[in-house]
Structure formats: structure tokens, C-alpha cells
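A.B. asks: the amino acid sequence is not available; the structure is as follows:
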């Protein structure tokens with residue numbers, strides 16, 4: 001027995017039904033994200049909100065639209081495909097199931113269904129949705145663990161240090177303190193964050209919480225591994241999150257080449273990459289990786305020309321490579337807070353600024369960030385940012401802007417105060433507008449805030 005013809009009169013757009021008469025990849029991607037973030041639903045291709053069928057919708061074109069749309073979402077959204085015959089043509093129905101993940105477009109927008117439209121989520125509502133996603137990560141209970149899996153000597157030492165640096169009540173019990181810190185639940189079952197910070201053997205319960213270090217630098221006479229690659233050193237780093245950070249930093253520091261720089265009468269030994277930058281990159285990888293992803297470790301790869309650190313998981317929903325200097329959100333806030341009070345996080349929310357700042361001060365190229373649905377990668381280049389003549393920009397900017405670019409080419413970065421010294425008699429507002437213009441044109445990159453704001457050459461502008 002065949003199904004009766006599908007009637008478009010039965011269709012009315014709503015929270016769980018979207019109608020796209022003439023689909024395009026961008027609109028379809030928005031619908032996929034909104035449906036997945038709400039209660040799931042159906043997207044009907046070939047009929048619009050007025051119940052008008054568009055028989056010209058080609059299934060092959062619809063399939064291509066879906067393929068492209070799925071590449072514009074993070075994480076990936078699974079969709080089932082169904083074709084229904086209607087009196088005036090074929091309709092394509094996409095079924096989107098709700099998930100326990102928060103989905104976004106690649107530009108960072110998070111959408112939900114609101115009636116028959118897709119609504120962008122902003123502000124407190126977005127942060128609430130993002131915070132709820134950590135339940136599958138650091139707040140998840142390690143079901144096979146018990147209080148005995150925590151090192152209570154470390155915990156007591158940490159609590160004493162916390163009391164010295166915060167306004168925590170002095171009569172608070174240890175269990176209440178651990179609950180407030182997110183280390184355990186009321187039944188004293190450790191959370192993933194608790195094991196990562198204070199576990200006796202975190203890898204027994206969280207085997208993916210580890211770091212793999214490989215030095216691929218060319219060394220004469222070294223043997224090839226089974227994959228045909230040559231490496232000088234390989235290390236598997238385990239332990240608590242603080243122990244992993246310290247050990248990884250020690251290994252990278254020991255594997256870096258040293259050279260001497262003479263300034264005046266003093267000689268200074270410098271490493272290939274600024275130590276504070278390496279430390280911050282490692283802290284970020286450990287603090288912000290997605291610990292719900294099993295079977296994957298953080299990877300540190302050292303090559304002759306660059307150092308690369310890859311961390312499992314995508315960037316949190318509204319954070320992108322383009323906005324990470326301005327937007328701050330932690331996937332693992334309890335872990336980050338613990339690392340902060342242990343002295344491993346210098347200043348909350350300013351790690352990326354520090355990386356850009358210190359690299360500029362040492363004359364290095366800016367870091368290269370790359371992210372997809374599976375990993376976040378940062379690459380530090382060994383090569384320095386060569387002094388450049390900004391003559392190829394002369395025709396499109398004023399003399400003050402040319403002075404600023406010459407200064408950046410020589411010093412690596414410039415501040416508002418330094419530009420005022422170069423251009424006496426010019427108002428601070430005029431100079432601020434000059435710098436903002438260079439930022440908007442993609443020539444300079446602004447990092448920091450207020451008095452700490454610095455401007456450096458944007459990587460994409462080099463060589464233009």
C-alpha cells in the first residue's frame with residue numbers, strides 16, 4: 001500500500017517546522033543550528049511559508065546545499081533525508097534531531113527556534129546555554145571514582161592558600177569548600193575537574209587527560225619510526241593538570257635552542273620562543289580542551305621552524321579565531337579557577353593578549369590560530385618579523401599613520417602614548433581614529449584594553 005500524496009496545506013511553519021521554498025546553504029545552515037539547539041524538527045525544502053510548492057527544487061541541488069550547510073556548523077549536525085510526493089512536485093524533508101551539544105555557525109553565531117523564525121542568542125542567555133554545556137565535561141561525575149581518589153593533602157594545602165588570597169569563610173568545612181569549588185558533589189563523588197586538579201591517578205578515570213610531546217627537529221643519525229617520520233624525542237605526559245603543565249613546559253624548554261643577545265655590556269640568553277608565551281599556550285591547551293572527547297590527547301609538536309600545540313575539541317560556541325581577543329569564555333571554569341589559585345594562570349581572561357603582546361615585544365610573527373570541530377591548534381613561528389618598509393601603503397594613508405607603521409616595523413608594536421610622542425601637537429582623539437582606521441583596514445591588530453592597548457602588524461597584512 002502506497003502512502004497518500006503529501007499535502008502542503010498540512011504544513012505550517014513553527015518551532016519544529018521550517019519551510020524553505022528555494023534553499024540556499026547559508027539559510028539552511030541557520031535552520032540546522034536553530035533546530036538542533038532547540039527541540040529538533042523538520043526542514044521542508046520545496047515549499048514556502050505560503051504553502052506554495054517550488055517544483056524546480058532539484059534533489060541533486062538540495063543535496064549539495066545540505067552538504068555545504070553541514071560544513072558551516074560546529075559541531076557537525078546529523079540529518080536524515082526523506083522525499084515525499086506532493087500533487088505539484090517532490091518535497092524534500094530533512095529531519096533534525098535534538099542533541100545534548102550546543103551548535104553554532106562557523107562565524108560564532110548561536111541560534112534557536114522562536115516560533116517560525118531562527119533567533120540569534122546573545123548576552124546572559126548565551127552564557128547560560130554555554131555554561132550548561134560544561135556538565136558533559138568538567139562537572140561530570142567520575143562515576144567509578146570516590147573520595148579516596150583525591151589527594152587530600154593537596155586539597156588541604158590548596159584550601160589554606162585559597163584562604164590567604166580570598167574572602168572565603170574561615171569556618172567552612174572541607175566538603176562544603178570542595179562542593180563550592182566544583183571538585184565533588186554532595187555525596188563526595190569527585191567531578192572530572194576535581195580529579196584533574198587533585199586526583200591521585202587522574203588517568204585511571206580520565207585516560208584522555210594526557211599530553212603527547214614529539215620533537216621532529218632534524219637530528220643527524222636519528223632513526224625513523226614505524227610511520228617513516230624522524231623524531232628526536234617523544235614523551236607521554238600524565239598526572240594532574242598542574243603536573244602536566246609544569247612537565248610539558250620543562251620538556252619544551254629543554255628542547256629549545258638557546259642563543260645569546262648582547263645589549264650594551266650585558267649578555268642575555270634567549271630561547272627560540274619566549275618562555276612566557278610557551279607557558280601560556282600550554283596552560284590554555286590544558287585548561288580549555290574538551291575533556292568529554294575520549295581517546296585523544298593534547299599534542300605538542302616541535303619542528304625546525306615552528307612549535308605547534310593541538311587541543312581536542314572545538315572552540316566554545318560563540319568564540320571564533322577572529323573574535324578570541326575580544327571575547328572570553330571558559331569551557332572549564334572550575335579547572336581554570338583552580339589553576340589560577342595554584343599560580344599557573346596569571347590573569348583570568350588575558351592569556352591570548354599576553355601571547356600576542358610578548359611575541360610582538362620579541363619581534364616574532366603573531367601566533368597562528370586554527371580551529372575546526374575537532375581541535376584547536378596554535379602555531380608559533382621561530383622566524384622573526386622582519387623590519388619592513390611601509391612604502392607600499394603610502395598612497396592610502398596620512399603621515400601620522402606612516403609614522404605609526406614605521407614604529408611598528410622597528411619595535412613590533414605601538415601604543416597610543418608612543419604615537420603621541422611621535423606626533424606632538426596632535427589630539428589624542430585624532431591619533432585614536434588613525435589607529436582605528438588601520439585596524440578596520442586589516443593592517444594593524446589591536447590587543448589589550450584601555451591603557452594596556454597595543455597595536456601590531458596583522459599577520460595577513462605582511463607581504464601585501
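C.D. replies: Everything's here; your move. Note that the structure is predicted; figures quoted are calculated from it, not measured.
A.B. asks: could you count how many residues lie near residue 95?
C.D. replies: Other residues near residue 95 come to 14 when the count uses other C-beta atoms under 10 Å. (Glycine included, C-beta is placed from N, CA and C.)
A.B. asks: mind checking the SS state of residue 129?
C.D. replies: helix (DSSP: H, G, I helix; E, B strand; the rest coil).
A.B. asks: so who does it touch?
C.D. replies: The contact partners of residue 129, taken as C-beta atoms under 8 Å, 6 or more residues apart in numbering, are 37, 102, 110, 121, 317.
A.B. asks: nearest to residue 350 among these?
C.D. replies: residue 317 (21.3 Å; C-beta to C-beta).
A.B. asks: what helix or strand is the one residue sitting closest to the centre of the chain located in?
C.D. replies: The centroid of the chain falls nearest to residue 315 when counting by C-alpha atoms, centre = their mean (3.2 Å). If you go by DSSP states H and E, residue 315 is not part of any helix or strand.
A.B. asks: hmm, residue 371 and it touching each other?
C.D. replies: Yes - at 4.9 Å, residue 315 and residue 371 qualify as touching, with contact defined as C-beta atoms under 8 Å.
A.B. asks: quick one: the helices in this protein, in order.
C.D. replies: 25-37, 59-71, 123-133, 152-165, 174-181, 192-198, 202-205, 241-255, 275-288, 333-341, 351-361, 399-411, 416-422, 428-440 (DSSP state H).
A.B. asks: tilt between the longest one and helix 275-288?
C.D. replies: Right, helix 241-255. Relative orientation of helix 241-255 and helix 275-288, computed by axes from the mean of the first three to the mean of the last three C-alpha atoms, to 10 degrees: 150 degrees.
A.B. asks: dump the residue contacts of the closest residue to residue 93 other than its chain neighbours.
C.D. replies: Closest residue to residue 93 apart from its sequence neighbours, by C-beta to C-beta, 6 or more residues apart in numbering: residue 82 at 4.5 Å. Residue 82 makes contacts with 92-95, as judged by C-beta under 8 Å, 6+ apart.
A.B. asks: check the gap between the residue nearest to the centre of the chain and residue 94 for me.
C.D. replies: 26 Å (C-beta to C-beta, to the nearest Å).
A.B. asks: go on, residue 446?
C.D. replies: Taken as C-beta to C-beta, the span from residue 446 to residue 94 is 41 Å.
A.B. asks: so for these two, which sits in the more crowded spot?
C.D. replies: residue 94 (24 against 18).
A.B. asks: could you report the separation of that one from residue 404?
C.D. replies: For residue 94, the distance to residue 404 - C-beta to C-beta - is 51 Å.
A.B. asks: just residue 327 next, same as before
C.D. replies: 26 Å.
A.B. asks: between the two, who's got more neighbours?
C.D. replies: Counted by other C-beta under 10 Å, residue 327 and residue 404 do not tie: residue 404 has more neighbours, with 25 against 15.
A.B. asks: tell me the spacing between that one and residue 163.
C.D. replies: 48 Å.
A.B. asks: please apply the same query to residue 353.
C.D. replies: 30 Å.
A.B. asks: returning to what we had before: overlap of the contact sets of residue 315 and residue 371?
C.D. replies: residue 321.
A.B. asks: between residue 353 and residue 163, which one's more packed in?
C.D. replies: residue 353 (20 against 14).
A.B. asks: that one contacts residue 324, correct?
C.D. replies: No - counting by C-beta under 8 Å, residue 353 does not reach residue 324; the two are 10.0 Å apart.
A.B. asks: any regions of the stretch 101-250 of the chain where pLDDT drops low?
C.D. replies: 130-137, 139, 141-143, 165-172, 218-229 (pLDDT under 70).
A.B. asks: repeat that for 50
C.D. replies: For the stretch 101-250 of the chain, the stretches with pLDDT under 50 are 134-135, 220, 226.
A.B. asks: and for the stretch 351-464 of the chain?
C.D. replies: In the stretch 351-464 of the chain (pLDDT under 50), the answer is 387, 389, 460, 462-464.
A.B. asks: switch to 80 and redo it
C.D. replies: For the stretch 351-464 of the chain, residues meeting the criterion pLDDT under 80 lie at 361, 363, 373, 383-396, 409-412, 442, 447-452, 457-464.
A.B. asks: neighbours of residue 193, how many?
C.D. replies: So residue 193, with other C-beta under 10 Å, has 27 neighbours.
A.B. asks: so it sits right up against residue 183, yeah?
C.D. replies: Yes - with contacts counted by C-beta under 8 Å, residue 193 reaches residue 183, the gap being 6.5 Å.
A.B. asks: overlap in contacts, the two.
C.D. replies: residue 334.
A.B. asks: tell me the domain ranges of the chain?
C.D. replies: 8-121, 136-198, 211-381, 390-461 (automatic domain parsing).
A.B. asks: how far off centre is the longest one?
C.D. replies: So that's domain 211-381. Mean-position distance between domain 211-381 and its chain equals 13 Å (C-alpha atoms, centre = their mean, to the nearest Å).
A.B. asks: quick check, nearest of the contacts of residue 82 to residue 416?
C.D. replies: Of the contacts of residue 82, the one sitting nearest to residue 416 (C-beta to C-beta) turns out to be residue 94, at 51.3 Å.
A.B. asks: and the closest one, what are its bridge partners?
C.D. replies: For residue 94, the beta-bridge partners are residue 43, residue 81 (DSSP bridges).
A.B. asks: just the one 10 residues further on next, same as before
C.D. replies: Under the criterion DSSP bridges, residue 104 forms beta bridges with residue 74.
A.B. asks: please enumerate the strands of the stretch 251-400 of the chain.
C.D. replies: 258-263, 266-271, 298-302, 306-312, 368-371, 375-381 (DSSP state E, counting those that start in this stretch).
A.B. asks: what pairs with the fifth one, parallel or antiparallel?
C.D. replies: By that I understand strand 368-371. strand 375-381 (antiparallel).
A.B. asks: please apply the same query to the fourth one.
C.D. replies: In the sheet, strand 306-312 lines up against strand 298-302 (antiparallel), strand 375-381 (antiparallel) (DSSP bridges).
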